[in-house]
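Participant: here is my input; please provide its structure:
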Amino acid sequence: MFDIVSRTQAVILRSIGETLAIIQQQTGITPRHVWNLYTEAQQRGWEPGILLKIEHVQNRDRCGRKKKITPAVEQAIMDAVIKDQYGREKILVQLGLQFSISS
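Facilitator: Below you'll find the predicted structure:
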């Protein structure tokens, strides 16, 4: 949602005692989000007064559907479409069946 620099700035400003309203004016991050960023940085091992690292403020991994296609399979599909003169006429279902992936 916010870039790493804005999140870092918000956490540092909060650690030196800046008010949440001023942090919101400077970064655009809501007070609740600043509070969450600050507590999450502490949970990840950061303490006020020590160096704030990227891993303290970076986004968490999001849940979601994992990629089923590996780079090797992706390259094989590209090769099949380029090599086969009728490859461009194949529909996604045919390619999916050929390479055992769902379309």
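Participant: who are the packing partners of the helix or strand of the chain with the lowest mean pLDDT?
Facilitator: Lowest mean confidence among the helices and strands of the chain (mean pLDDT, DSSP states H and E): helix 92-98, at a mean of 72. Applying 3 or more Cβ pairs under 8 Å, 6 or more residues apart in numbering; DSSP states H and E, one finds that helix 92-98 contacts helix 71-83. Yep, even glycine has a C-beta here, placed from its N, CA and C like the rest.
Participant: tell me the helices and strands packed up against the helix it packs on.
Facilitator: Checking 3+ Cβ pairs under 8 Å, 6+ apart, helix 71-83 ends up next to helix 92-98.
Participant: how about the helix it packs on as PDB, C-alpha atoms only?
Facilitator: Output of helix 92-98 as PDB, limited to C-alpha atoms (Å, rounded to 0.1, in the frame of the first residue of the first chain):
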ATOM      1  CA  LEU A  92      -5.800 -22.100 -24.200                       C
ATOM      2  CA  VAL A  93      -7.600 -25.300 -23.500                       C
ATOM      3  CA  GLN A  94      -5.500 -27.200 -26.000                       C
ATOM      4  CA  LEU A  95      -2.300 -25.800 -24.600                       C
ATOM      5  CA  GLY A  96      -3.400 -26.600 -21.100                       C
ATOM      6  CA  LEU A  97      -4.100 -30.200 -22.000                       C
ATOM      7  CA  GLN A  98      -0.800 -30.500 -23.900                       C
END
